[in-house]
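# Fold the following, please.
(one chain, ligands or ions: 1)
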Amino acid sequence: MGTVKKKHDQSENNNNSSIISSSVFVKCDETCKGASFPEEVYSSTVPLSHRRRYAQFFTPPRVAKLMAEWAITSQTKTVLDPAVGTGTLIRSALARNQNILITAFEKDPVILRSFLELHPPLSHIEPIFSDFLTYDLKCEYDSVLMNPPYLRHHNLRYNFDIFDWFGKIHNLKLSRLSNSYLLFTLKAATSLRPGGRASIIIPTEWMNANFGAPMKDFLVGRGYLREIVYFSNCSTIFEDALTTASILFLERPA
Ligand SMILES: C[S@@+](CC[C@H](N)C(=O)[O-])C[C@H]1O[C@@H](n2cnc3c(N)ncnc32)[C@H](O)[C@@H]1O
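I've put the predicted structure just below:
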């Protein structure tokens, strides 16, 4: 997967050095990119405007494989995908371990229908048609694999103050300028059982933007952050979307 160099406690990214204990910088080459079959079918039939509204940009299979290698082990029994889309991450999880039960959230009925049509009936997937952010989870999971929607604050439409609500739940003061991926990351991390692992792909802006400060405090201060894969800004990871990318490897302290 292109050039990889590993750094410890010396992020090239100026003021992040104190919060990142271990990071891997990756220059993505062509093999990182490209969508696989269900994603191509969906993208060619659903208008881009609809996909943009829900932030439907798909994890390339090679990146999904890398994410599963951290989060899914032979011991994994329960897996959460909070934003399943067409199921790229689920497929990478099942390729690692077929004895898992997957809970998969999706808010958009159009893509959920496509996901159910394009995948054979799988007894070990529980699809939940709901907003992950407001759903009351009843259990904790061994693993989380997640590529959340990246939606700016003015595209988050809730009839209550979701930032204040989330802040109170996590005992953090959250900015009303936070991107949706910050809320997803906080909820995904706290959905892990002690010792559980998560791989989460999100943009890199939270590392420098003011709105990212509470998430740094949370991930580092509460001991979740194990490693960050930081994709070079010269790389474009997602087809149809110009965004920076990093993968967080998390582990909930036991
Ligand atoms: C960036 S895509 C990722 C899809 C897939 N997991 C992947 O990695 O390729 C995010 C998905 O989250 C869905 N989504 C958006 N808002 C959501 C919400 N509040 N709760 C659950 N899913 C949501 C979108 O419809 C979209 O399918």
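
# Around Y150, how many other residues sit close by?
20 (other Cβ atoms under 10 Å). Just so you know, the C-beta spots here come from the backbone N, C-alpha and C atoms, and that holds for glycine as well.

# How much space separates it from I200?
Going from Y150 to I200 by Cβ to Cβ, to the nearest Å gives 12 Å.

# repeat for I128
With distances taken as Cβ to Cβ, I128 is found 19 Å from I200.

# same check, this time on P253
Per Cβ to Cβ, P253 is found 17 Å from I200.

# Please apply the same query to R91.
Separation of R91 from I200 (Cβ to Cβ): 17 Å.

# Please say which of those two ends up with more neighbours.
More crowded of R91 and I200, by other Cβ under 10 Å: I200, with 23 against 16.

# quick one: that one from the ligand, how far?
I200 sits 10 Å away from the ligand, taking Cβ to the nearest ligand atom, to the nearest Å as the criterion.

# I'd assumed that residue was in a helix, is it?
No. Per DSSP: H, G, I helix; E, B strand; the rest coil, I200 lies outside any helix segment and is strand.

# Cross-check the contact I'm expecting between it and I247.
Yes. Using Cβ atoms under 8 Å, I200 makes contact with I247 at a distance of 6.9 Å.

# Tell me if I am right that R193 is in a strand.
Yes. Under three-state DSSP, R193 falls within a strand.

# Please enumerate the helices of the stretch 101-250 of the chain.
Taking DSSP state H, counting those that start in this stretch as the test, the helices found in the stretch 101-250 of the chain are 109-118, 162-170, 180-190, 213-221.

# what's in contact with the last one?
Think helix 213-221. The contact list for helix 213-221 (Cβ atoms under 8 Å, 6 or more residues apart in numbering) reads 19, 21, 167, 170, 172-175, 182, 185-186, 189, 206-207, 224-225, 248, 250.

# and the angle for it with helix 162-170?
Per axes from the mean of the first three to the mean of the last three Cα atoms, to 10 degrees, the angle that helix 213-221 makes with helix 162-170 is 20 degrees.

# Run the angle between helix 213-221 and helix 180-190 for me.
If you take the same axes, to 10 degrees, helix 213-221 sits at 30 degrees to helix 180-190.

# interface residues of the stretch 1-150 of the chain facing the ligand?
54-59, 83-85, 88-89, 105-108, 111, 131-133, 147, 149 (Cβ under 6 Å from any ligand atom).
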